[in-house]
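S.K.: Structure of the sequence below:
(one chain, ligands or ions: 1)
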Amino acid sequence: MSADPRSVTIGVVGMNYWGPNLARNFDRLDGARLAWVCDRDEAVLDRHRSAYPGARFTTDLADLLADEALDAVAVATPVPTHAPLARAVLEAGKDAFVEKPLAVDAADATALADLAESSGRVLMVDHLLVHHPAVEKLKDLVDGGSLGRIFYLYGNRQNLGIVRPDENALWSLGPHDISVMLHLVGERPVEVAASGESYLQPGVEDVVFGRIRFPSGIIGHLHLSWLDPHKMRKMTVIGSERMVVFDDMETERKVTVYDKGPIPRTETYGEYIQVRSGDIHIPKIPAAEPLRIVCERFVAAVRDRTPTASDGRAGAVVVEVLDAMTRSLAASGAPVQLARAPAPA
Ligand SMILES: NC(=O)c1ccc[n+]([C@@H]2O[C@H](COP(=O)([O-])OP(=O)(O)OC[C@H]3O[C@@H](n4cnc5c(N)ncnc54)[C@H](O)[C@@H]3O)[C@@H](O)[C@H]2O)c1
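M.R.: So this is what the prediction gives:
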């Protein structure tokens, strides 16, 4: 904990499973001070009192909002509470860090992004993979052109894992891959589709296959499941010049670049397309905890007003995709068009 008067002061609300990771990171960052710890359950608070002797503890978020010396609040409560709590934080004139997904409803998510922009507040969503050094490497490869023209990409997020009773595989696992795809492609999707099935609990899909179509013709595909023998956390990007895989289960080979691709056909119609298979390259990726990077970037955004790659606007598009995929799931996989982005005022 820093005593620097220029430290950004932060409170964390929701301290059961994930919130303690945020509190730990904010507490250890130079330039930040964990000033408040909040959970409406006193027993949850009691578990953390000894770890943060310099912080104040409360069961009521209103105490944080009334503290004029507090700069920002991180929201790590259940997903349906994100939008109302984030709104309360922004309306109290404080910057907000919100767990993923930003809201359960696209209109609420967009309204939060609008509110943050119109009031000049920082709103950052914890799409932590967007800040992962391996995804930053992928983004450099895509934007730098070394993959050539991007054809398509796909994400695998599968496990025989925790079965959530209140959230399906799309909402629980999907925000990670959707946020990465939107970040890498850099286009607003035009259409999505999703199909899935509930095998273990009625109405809660254990497996979801999703598809995102972008205006340039790129498609993204998602395989999300907690009912699978493989533990996979992978993103594959297929370009005309190279193909690249981010495998988050690997410790050293997080990113593998394959110098493989089709050789463009220049002669007569009907000939076989040749393929080229060259070297395989494994770039070095810094081994930093992605959540720590996210917390550092939030603190920098609060202190210096620097933009972040997972701001409220980016988080709202993720919720639009989740929302539209949910409608597609209910319609047996029928495609759902996404509204065009409103023209800037
Ligand atoms: N980024 C990631 O990789 C990641 C991983 C896991 C969870 N999460 C997110 O973290 C959030 C929390 O998940 P969790 O599993 O810890 O949830 P949880 O239900 O275990 O804990 C939520 C806590 O919030 C408290 N709470 C609820 N409403 C409150 C209010 N109005 N005021 C104060 N406290 C309140 C509850 O008492 C509880 O202790 C979710 O949004 C989840 O999506 C993110």
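
S.K.: check whether the one helix or strand residue 175 maps to contacts the ligand.
M.R.: In this assignment (DSSP states H and E), residue 175 forms part of helix 169-185. No: remark: helix 169-185 sits outside contact range of the ligand, by C-beta under 6 Å from any ligand atom, the gap being at least 7.0 Å. For glycine as for every other residue, the C-beta is placed from the backbone atoms N, C-alpha and C.

S.K.: which residues are contacting the helix or strand following that helix?
M.R.: Proceeding N to C from helix 169-185, the next assigned helix or strand is strand 191-197, under DSSP H and E. Residues from elsewhere that reach strand 191-197, judged by C-beta atoms under 8 Å, 6 or more residues apart in numbering: 168-170, 205-213, 222, 321, 324-326, 328-329, 332-338.

S.K.: Out of these, name the ones that lie in strands.
M.R.: Taking DSSP state E as the definition of strands, those contribute 207, 208, 209, 210, 211, 212, 213, 222, 336, 337.

S.K.: Who does the fourth one form a beta bridge with?
M.R.: For residue 210, the residues forming beta bridges with it (DSSP bridges) are residue 194, residue 222.

S.K.: list the contacts for it?
M.R.: Listed by C-beta under 8 Å, 6+ apart, the contact set of residue 210 reads 170, 174, 178, 192, 193, 194, 221, 222, 224, 325.

S.K.: if we go to 10 Å?
M.R.: Applying C-beta atoms under 10 Å, 6 or more residues apart in numbering to residue 210 gives the contacts 155, 169-170, 174, 177-178, 181, 192-196, 220-224, 321-322, 324-325, 328-329, 333.

S.K.: chain center to stretch 123-140, what's the gap?
M.R.: Centroid separation between stretch 123-140 and its chain, computed with C-alpha atoms, centre = their mean, to the nearest Å, is 8 Å.

S.K.: What is the end-to-end distance of that stretch?
M.R.: End-to-end distance for stretch 123-140: 25 Å, by C-alpha to C-alpha, to the nearest Å.

S.K.: Start the count at 28 instead of 1 going forward.
M.R.: All right, first residue 28 from here; so that's stretch 150-167.

S.K.: Is that stretch in proximity to the ligand?
M.R.: Yes: Stretch 150-167 reaches the ligand (C-beta under 6 Å from any ligand atom) through 153, 155.

S.K.: circling back: are any of the contacts of residue 237 buried, and which?
M.R.: Those of these that meet the buried threshold are 182, 196-197, 201, 204-205, 208, 219-223, 247-251, 348-349, 351-352, 355-356, 360, by 16 or more other C-beta atoms under 10 Å.

S.K.: Let me know the average pLDDT across stretch 302-309.
M.R.: For stretch 302-309, the mean per-residue pLDDT is 92.

S.K.: Mind pulling the model confidence for the residue nearest the centre of the chain?
M.R.: In the chain, the residue lying closest to the centroid (C-alpha atoms, centre = their mean) is residue 154, at 2.3 Å. We have a pLDDT of 98 for residue 154.

S.K.: In ChimeraX, how would I select just the buried ones from the ones in strands among the contacts of strand 218-224?
M.R.: Buried residues among these (16+ other C-beta under 10 Å), as a ChimeraX selection:
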select :234,235,236,237,238,239,240,249,363
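
S.K.: Look up phi and psi at whichever residue of the stretch 228-372 of the chain sits closest to the ligand.
M.R.: Distances between the stretch 228-372 of the chain and the ligand by C-beta to the nearest ligand atom are smallest at residue 318, namely 7.4 Å. Note on residue 318: backbone dihedrals following degrees, to the nearest 10 are phi -60, psi -30.

S.K.: distance of it from residue 266?
M.R.: Residue 318 is 29 Å from residue 266, where distance means C-beta to C-beta, to the nearest Å.

S.K.: Between the two, which is the more surrounded one?
M.R.: residue 266 (22 against 17; other C-beta atoms under 10 Å).

S.K.: Could I get the pLDDT score of the more buried one?
M.R.: 96.

S.K.: Quick one: residues contacting the closest residue in space to it that isn't next to it in sequence.
M.R.: Among residues not flanking residue 266 along the chain, residue 174 sits closest, at 3.0 Å (C-beta to C-beta, 6 or more residues apart in numbering). By C-beta under 10 Å, 6+ apart, the contact list for residue 174 reads 165, 168, 264-271, 284-285, 288.

S.K.: SS state for residue 174?
M.R.: The three-state label given to residue 174 by DSSP: H, G, I helix; E, B strand; the rest coil is coil.

S.K.: For the ligand, what is the nearest residue in the stretch 128-277 of the chain?
M.R.: residue 153 (4.7 Å).

S.K.: okay, now that residue: neighbour count?
M.R.: A count of nearby residues for residue 153, using other C-beta under 10 Å, gives 28.

S.K.: Okay, it and residue 324: tell me how far apart.
M.R.: Counting by C-beta to C-beta - residue 153 and residue 324 are separated by 11 Å.

S.K.: Need the residues touching each of these two.
M.R.: With C-beta under 10 Å, 6+ apart as the test, residue 153 and residue 324 both reach 124, 337.

S.K.: tell me which parts of the stretch 128-277 of the chain are close to the ligand?
M.R.: With C-beta under 6 Å from any ligand atom as the criterion, the stretch 128-277 of the chain comes near the ligand at residues 153, 155.

S.K.: From the contacts of residue 174, list the buried ones, please.
M.R.: 165, 168, 264, 265, 266, 269, 270, 271, 284, 285, 288.

S.K.: would you say residue 330 is within a helix?
M.R.: Yes: going by three-state DSSP, the assignment for residue 330 places it inside a helix.
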